[in-house]
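Chemist: what follows is a predicted structure for the sequence shown.
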Amino acid sequence: MSSNFKSIPIIDVSPLLCNKWGDVENEGVSEVVKQLDQACKEAGFFYVKGHGISDSLIKEVRDMTRKFFDLPYDEKVKIKMSSETGFRGYQRIGENVTQGKADMHEAIDCYREVKPGMYGDLGKAIEGFNKWPDSPSNFYSVVGEYINLLTDLSRNILRGLALALGGCPGEFEGERAGDPFWVMRFIGYPGISDAKGLEMPENDIGCGAHTDYGLLTLVNQDDEIPALQVRNQAGEWIWAVPIPGTFVCNIGDMLKIWSNGLYESTLHRVINNSPKYRVSVAFFYEPNFDAVIEPLEFCKQKLGEIEKCERAIYGEHLVRKVLTNFVA
Ligand SMILES: N=C(N)NCCCC[C@H](N)C(=O)O
Ligand SMILES: O=C(O)CCC(=O)C(=O)O
Ligand SMILES: [Fe+2]
C-alpha cells in the first residue's frame, strides 16, 4: 500500500526505548504505534527523533566518512571491494549500478561477518571480514559503537512495528530476526561541479530508484543538502529534506513481505544537485540471514486471507541484489 503523501512524518520513538513491552496499554507506546502504522501504510518512510543516540556520535560518523572520501584515490583503493573480499570495501564513483545506470556515488560497503561455510552456498558470495579504513584511525572503534546502538534502536522500532501490524512485540525475534543480519554503507555523493571534472558520463543521479532489501533502514544524512527523494503512489518525488538530529527510517522488502504488503518498501533515489559534496551513512537492519520470509498469518487475515507477497529467503534476496549491483 502507499498513498499520495506530500511529506514524511516525524515520529518520536522515545516511548519504545523504555522496555515497557509487557505494557502494550501504555499510552506513550500506543500513540507511537499508531503513528508508525500510519506512516508505514502511507509512505513507508518516517523521520525518527527521540532515539537516544547523541548528536555528537551521529555527526562524528558522518565526519569520519567525509574524511575518508577526501583521501586520494590511491589511499581509498587500498580497501577496494571485489568479489574476493565478499563485496566488502570501497567502490569508486560509477561502480554501483542501479537500473542499468552507473550511480554517481562512492561508498564503503560492510556486512555482518559471515564465516566460511556458515550458511553454506547461501552466504558464500559475501563471506569475509569487513575492510575498515586505517584512516581516520578511530574509524572502526567509533563505528562499532554506532552499529551496536543502531541495532538496539532498530530492534525497538521493530517491536513497535510488530504491535502496529497487530502482532505481539516479539513477533520478529527468534528465527525471524532474533539474530539480525546488518549491512552498512558509507556513501559520498559529489556535488555538481566536481562530478564534471571526473569525466564520467554526465549523470546527476547519485543513486537510482531502488527499494531497500531487509527490514528497516536508518539513514544518517548530511545536515545541509537535500538530496534524498521518496516516490509516492502518483509517481511524484517527495524530498526527505535533512532534519538535524533525526534518522530517516524506511521499510525494506522483507518487512513488506512479512506484512503481506500492508507496509510498503518504497522506491527512493538520491540526487545531489548542490555544488557541495554530500555524505550519508545508511544502516540496514535485516532478518536472520537464513530466515524464510512469508506473509504473517495475522497480516493475511487483514487482507481476506489473500497472500499478496511471495515467499523469499533473506540471504538469497540480498546476494542476488549484491551480485547485480556491480555488473557494468
Ligand atoms: N542495501 C542497499 N539498499 N543498497 C542500495 C545500493 C544502491 C541501489 C542498488 N544499486 C540497487 O539497485 O539495489
Ligand atoms: O544517501 C541516502 O540518503 C540514501 C541512500 C540509500 O538509499 C541506500 O544506500 O540504500
Ligand atoms: Fe536505499
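Modeler: Perfect, thanks for sending it. Residues are numbered from 1 along each chain as shown. Ligands and ions are numbered 1, 2, ... in the order given.
Chemist: use CA for all of it now, contacts and neighbours both
Modeler: Noted.
Chemist: quick check: next helix or strand after the helix or strand bottoming out on mean pLDDT in the chain?
Modeler: One helix or strand of the chain scores below all others by mean pLDDT, DSSP states H and E: helix 192-197, with a mean of 63. Note on helix 192-197: by DSSP states H and E, the next helix or strand toward the C-terminus is strand 205-210.
Chemist: so is that next one next to ligand 2?
Modeler: No: applying Cα under 6 Å from any ligand atom, one finds strand 205-210 separated from ligand 2 by no less than 7.1 Å.
Chemist: so residue 214 sits in a helix?
Modeler: No: with DSSP: H, G, I helix; E, B strand; the rest coil as the criterion, residue 214 is coil rather than part of a helix.
Chemist: please renumber the chain so that the first residue is 178 from this point on.
Modeler: With 178 as the first residue, the last one maps to residue 391.
Chemist: Provide a list of residues in contact with it.
Modeler: Contact analysis of residue 391 by Cα atoms under 8 Å, 6 or more residues apart in numbering lists 428-432, 461-464, 491.
Chemist: check the gap between it and residue 468 for me.
Modeler: 11 Å (Cα to Cα, to the nearest Å).
Chemist: check residue 498 too.
Modeler: 17 Å.
Chemist: for residue 420, same thing?
Modeler: To residue 468, residue 420 is 34 Å away according to Cα to Cα.
Chemist: next, residue 319: phi, psi?
Modeler: When read as degrees, to the nearest 10, the backbone of residue 319 gives phi -70, psi -40.
Chemist: which residue sits closest to it in space, ignoring its chain neighbours?
Modeler: Leaving out its chain neighbours, the residue that sits closest to residue 319 by Cα to Cα, 6 or more residues apart in numbering is residue 238, at 7.2 Å.
Chemist: got the phi and psi for that neighbour?
Modeler: Per-residue torsions, residue 238: phi -60, psi -40 (degrees, to the nearest 10).
Chemist: for residue 454, same thing?
Modeler: phi -70, psi 130.
Chemist: what's the burial count for it?
Modeler: When neighbours are counted by other Cα atoms under 10 Å, residue 454 registers 20.
Chemist: the more surrounded of residue 498 and residue 468?
Modeler: residue 468 (20 against 13).
Chemist: now the residue nearest the centre of the chain: how far from ligand 2?
Modeler: Closest residue to the average C-alpha location of the chain: residue 394 at 2.8 Å, with Cα atoms, centre = their mean. Between residue 394 and ligand 2 the distance is 8 Å, computed by Cα to the nearest ligand atom, to the nearest Å.
Chemist: same check, this time on residue 307
Modeler: Noted for residue 307: a distance of 17 Å to ligand 2, by Cα to the nearest ligand atom.
Chemist: wasn't that residue part of a helix?
Modeler: No: applying three-state DSSP, one finds residue 307 to be coil, outside a helix.
Chemist: list the contacts for it?
Modeler: Neighbouring residues of residue 307 by Cα under 8 Å, 6+ apart: 262, 265-266, 287-290.
Chemist: can you check the pLDDT for it?
Modeler: pLDDT recorded at residue 307 is 98.
Chemist: do residue 495 as well
Modeler: Confidence at residue 495, expressed as pLDDT, is 98.
Chemist: mind telling me what element it is part of?
Modeler: Here residue 495 sits within helix 491-502, counting by DSSP H and E.
Chemist: same question for the helix or strand where residue 333 lies, mean pLDDT?
Modeler: Take DSSP H and E as the rule and residue 333 turns out to sit in helix 316-341. In this model, helix 316-341 carries a mean pLDDT of 97.
Chemist: with stretch 447-457 instead?
Modeler: On average, stretch 447-457 scores 95.
Chemist: how much space separates the closest residue to residue 235 other than its chain neighbours from residue 485?
Modeler: Of all residues not flanking residue 235 in the chain, residue 397 sits nearest, at 7.1 Å (Cα to Cα, 6+ apart). Distance of residue 397 to residue 485, computed by Cα to Cα: 32 Å.
Chemist: more crowded one of these two?
Modeler: The neighbour count for residue 397 versus residue 485, taken as other Cα under 10 Å, is higher for residue 397 (24 against 17).
Chemist: note down every partner strand of the helix or strand hosting the more buried one and its orientation.
Modeler: Counting by DSSP H and E, the element that carries residue 397 is strand 393-398. Strand 393-398 has the following strand partners under DSSP bridges: strand 424-428 (antiparallel), strand 455-462 (antiparallel).
Chemist: list every C-alpha atom in the longest one, with coordinates, as PDB.
Modeler: This file holds the C-alpha atoms of strand 455-462, laid out as PDB (Å, rounded to 0.1, in the frame of the first residue of the first chain):
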ATOM      1  CA  ARG A 455      27.200  15.100   0.400                       C
ATOM      2  CA  VAL A 456      27.800  12.200   2.700                       C
ATOM      3  CA  SER A 457      25.300   9.800   4.200                       C
ATOM      4  CA  VAL A 458      25.600   6.700   6.300                       C
ATOM      5  CA  ALA A 459      22.900   4.100   5.900                       C
ATOM      6  CA  PHE A 460      22.400   1.300   8.400                       C
ATOM      7  CA  PHE A 461      20.300  -1.600   7.300                       C
ATOM      8  CA  TYR A 462      18.700  -3.800  10.000                       C
END
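Chemist: thanks a lot, catch you later.
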